[in-house]
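1. A predicted structure for the sequence below; I have some questions about it.
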Amino acid sequence: MRHSVAGYRLGRTKSARIALRRNLIKQLFTHERIQTTKAKAAAVRGEAEKLITL
């Protein structure tokens, strides 16, 4: 039975994904709104919401 793998790869290496996530969240807090793709937004959404509710 195939099981889905959690997380988003976004066609990048691990270090590039970490940098992308860091930059998107940083820009979200700086500008309060960002324009990005749905896949990138879904990949960052959980972590960003955790930081917002702190």
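-> Okay, I see it. Residues are numbered from 1 along each chain as shown.
2. what's the distance between the residue nearest the centre of the chain and Gly11?
-> The geometric centre of the chain, computed from its C-alpha atoms, lies nearest to Val44 (Cα atoms, centre = their mean), at 2.1 Å. Separation of Val44 from Gly11 (Cβ to Cβ, to the nearest Å) stands at 15 Å. In short, each C-beta sits where N, CA and C put it, glycine included.
3. Under a three-state scheme, what state does the residue nearest to the centre of the chain occupy?
-> Local secondary structure at Val44 is given as helix here, using DSSP: H, G, I helix; E, B strand; the rest coil.
4. Can you list the neighbours in contact with stretch 40-54?
-> When contacts are defined by Cβ atoms under 8 Å, 6 or more residues apart in numbering, stretch 40-54 is touched by residues Gly7, Tyr8, Leu10, Arg17, Leu20, Arg21, Leu24, Ile25, Leu28, Phe29, Thr36.
5. What is the burial count for the second one?
-> Spelled out, it's Tyr8. Using other Cβ atoms under 10 Å, Tyr8 has 14 neighbouring residues.
6. Quick one: residues contacting it.
-> Tyr8 makes contacts with Arg17, Ala39, Ala42, Ala43, as judged by Cβ under 8 Å, 6+ apart.
7. And it, what's its pLDDT?
-> According to the predicted model, the pLDDT of Tyr8 comes to 90.
8. Now it: which helix or strand?
-> Assignment of secondary structure by DSSP states H and E places Tyr8 within no helix or strand.
9. surely Arg9 meets Arg17?
-> Yes. The criterion here is Cβ atoms under 8 Å, and Arg9 meets it with Arg17 at 7.0 Å.
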